[in-house]
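A.B. asks: compute the structure for the input listed below.
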Amino acid sequence: MKHLLHLGLLTGFLLAAAPTHAQKVLTYTVDVDPAAQDQFQVKLAVPKLGKEQSVYQFAATAPGTYQVMDIGRFVRKFEAFDSKGKPLEVKHISTNQWQFLKPEKVREIRYTIAKTWNAPFPEHQVYRMCGSQLDASHALLNGQCLFGYPQGWQAKPLRVKLNYPSGWKVGTPLTQDAEGYYTAATYDRIVDSPILLGRLTESSTKLGDAEVALYCYSQTDMIQAQPLLQNMQQMLDAAQKFLVQLPVKRYTFLYDFEDRDAGAWEHSYSSEYAARESPLTPQKAASITSTAAHEFFHVVTPLNIHSEIIEHFNFVQPTGSEHLWLYEGTTEWASDLMQLRGGLMTLDDYLKELSAKVNYDHHAADTTYSLSKLGLNSFSDEGQRQYGNIYQRGAVTAALLDLRLLELSGGKRGLREVILDLTKKYGPDKPFNEKTFFQEFTQMTYPEIGDFFKRYVQNAEPLPLAEYFAKVGIQYTPVLHTGQKVGYLGSSFMTLSGVTTFKDISPDLQACGVTNGDQLVAYQGTPIRADNFRTTLDQIKTSKPGQAYDMTIRHEGAEKKVRCRLLEREDVKFYDFSVMPNATPEQLALRKAWMTNL
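C.D. replies: Numbering: from 1, shown residues only. Alright, predicted model coming up:
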């Protein structure tokens, strides 16, 4: 995402120019009123518009979402007024655009815009963590969901005044000027700076000279900011060691705990999370920390390493980047590896994560769909069907790239070290060339890396998992027969967006009333979530075959309870990674380098 003017400099500019604010800055006022029937009232005072600013633009998408949003769909009323408050004629010319017929007379724009959560649109629903929410006790504001801009003025400074209930607390990476306005150097920056406000708890910590703040909304106050941040401390310390020095001076975590797990969204100086409210058990804390590790690493990619497509983001026409593998896949790889190196994750658990990612690649995605193609098509419906694989195959491919670099350098330089060098070469203000980045990366490393990119990123050749992991004494077995008997439901499963569905069900399970595509809602009375599904499967494996159990499933939108008996099968492990018991000294030496911040 685009790095912009330091807010302190901008604040100084605003104060010095206070008498002529209207001429210099786009000034927004937002009424955040819980009684307003899930809608926000927005006013915009504008400097004098020219013919080039005759169209007011709402966002079609936003950086880091890789989805069509079409925020214009949420606008309920759009008006323009002259300096005397007289209405001016406007015309709705496309989903996201309103035209001023006399732009030179426009001095104020007013519109009502609905929240995106639970919107009635059947397609292109805005991800919760990227959207807007408003209820009696809090609000979540993402810039692109509230603000538009006169075309041609995407780079103009702006400031925002929020009117909200007294007693509410505000969490955001933005800072306020002396007049109480939140300031941003450009439209890109306001989109890059979410705001959570309401009945919040907060906590903070220091990482070197950087401040990390956490704001938390919990629907019934079940989860508090301080223990949440305390559970993340070891991960943050590991991240600092992995990165050597944090590339930001302040970072903000924003958590919205309500009725479902809905994901997370990275920003340059913050990240936000929409998750299910439930007790902060060790398992839930570990799941939250793992997700936060991924989002936190985005302070490197794309903040410090990105192409011109991200630097000059097109809010009008979504444009995919071939290097989504770098922004998301490499970030997911780093979030796991820094936890392994920081002692938050055992080697065995790390290898299980790898196995799960390979399983997703083979069973929930198209293995012939290359990472480059996925990035370029990420905004299309076709690309969205493959999108989850950027975190799975993308991370595994980054792991292989790391191993290849370590091998070629004799254990002296892996992907982490190359990323740190790329950060120094580019940084927040200097994008790389979208078309030549593979060549530039190769020139910084080894000729063989160009072949790696061509085969496994630009094309989709089968990944050399056994060959590459053997270099560090890790054995990969696609199908491992253990000979052990375990309990079995009679189905495989697919989990997408936190929803677990039955797949390839057995006749026995079908006789209980379950069909392919049904959702597993609860097992033995315990609700099934993304953070406890693996634990539930382990529980099933250790249960006695023939034992009766109850499940709640969702079939064609309706929940029902079924009672079945556990089956028995051989414990066959798919896509298994395990430590070689007789690794050679060379393999052990490279493994040591692999598990170390060099």
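A.B. asks: name the element Ala275 belongs to?
C.D. replies: In the assignment (DSSP states H and E), Ala275 maps to strand 270-276.
A.B. asks: ok, then the element right after that strand?
C.D. replies: Towards the C-terminus, the helix or strand next in line after strand 270-276, according to DSSP H and E, is helix 282-297.
A.B. asks: run through who's touching that following helix.
C.D. replies: Identification of contacts with helix 282-297 by CB atoms under 8 Å, 6 or more residues apart in numbering yields 228, 231-232, 235-236, 238-239, 251, 253, 264-266, 271, 273, 275, 278, 331-332, 334-336, 338-339, 344, 391, 530-532, 535. The way it works is simple: take the backbone N, C-alpha and C, and place the C-beta from them, glycine included.
A.B. asks: using PDB, write out the CA atom coordinates for the helix or strand that that helix is followed by.
C.D. replies: Sequence-wise, the next helix or strand downstream of helix 282-297 (DSSP H and E) is helix 308-311. C-alpha atoms of helix 308-311 as PDB (Å, rounded to 0.1, in the frame of the first residue of the first chain):
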ATOM      1  CA  GLU A 308       3.400   0.200  -9.100                       C
ATOM      2  CA  ILE A 309      -0.100  -1.400  -9.200                       C
ATOM      3  CA  ILE A 310      -0.300  -1.200  -5.400                       C
ATOM      4  CA  GLU A 311       1.600   2.100  -5.300                       C
END
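A.B. asks: distance check, the residue lying closest to Ser278 once chain neighbours are set aside against Ile223.
C.D. replies: Residue nearest to Ser278 in three dimensions, not counting chain neighbours: Lys284, with 6.2 Å by CB to CB, 6 or more residues apart in numbering. Applying CB to CB, to the nearest Å, the value for Lys284 to Ile223 is 9 Å.
A.B. asks: higher neighbour count, these two?
C.D. replies: When Lys284 is set against Ile223 and neighbours are counted by other CB atoms under 10 Å, the residue ahead is Ile223, at 22 against 19.
A.B. asks: do I have it right that Gln154 meets Ala185?
C.D. replies: No: with the criterion set as CB atoms under 8 Å, Gln154 and Ala185 do not qualify as a contacting pair; they are 11.3 Å apart.
A.B. asks: so where is the stretch 201-350 of the chain shaky, pLDDT-wise?
C.D. replies: Under the criterion of pLDDT under 70, none of the stretch 201-350 of the chain is flagged as low confidence.
A.B. asks: also the chain?
C.D. replies: With pLDDT under 70 as the threshold, the chain has low-confidence stretches at 1-23, 496-498, 531.
A.B. asks: so between Gln154 and Ala185, which is more surrounded?
C.D. replies: More neighbours sit around Ala185 than around the other of Gln154 and Ala185, counting by other CB under 10 Å; the figures are 20 against 17.
A.B. asks: pretty sure that one sits against Pro157.
C.D. replies: Yes: Ala185 lies in contact with Pro157 (CB under 8 Å); the separation is 5.6 Å.
A.B. asks: using the three-state scheme, assign the closest residue to Gly152 other than its chain neighbours.
C.D. replies: If you skip the residues right next to it in sequence, Gly152 has Glu52 as its closest partner in space, 4.6 Å away by CB to CB, 6+ apart. At Glu52, secondary structure determined by DSSP: H, G, I helix; E, B strand; the rest coil is helix.
A.B. asks: measure Glu52 to Phe100 for me?
C.D. replies: Relative to Phe100, Glu52 is positioned 11 Å away (CB to CB).
A.B. asks: who has more neighbours out of those two?
C.D. replies: Comparing Glu52 with Phe100 by other CB under 10 Å, the one with more neighbours is Phe100, at 22 against 11.
A.B. asks: domain boundaries for the protein, per the record?
C.D. replies: Described in terms of automatic domain parsing, the domain architecture of the chain consists of the residue ranges 7-198, 320-466, 479-575.
A.B. asks: let me have those in a markdown table, extended by distance to Met595.
C.D. replies: As requested, those are arranged in a markdown table below (distance: least, CB to CB, whole Å):
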| stretch | distance to Met595 |
| --- | --- |
| domain 7-198 | 30 |
| domain 320-466 | 6 |
| domain 479-575 | 21 |
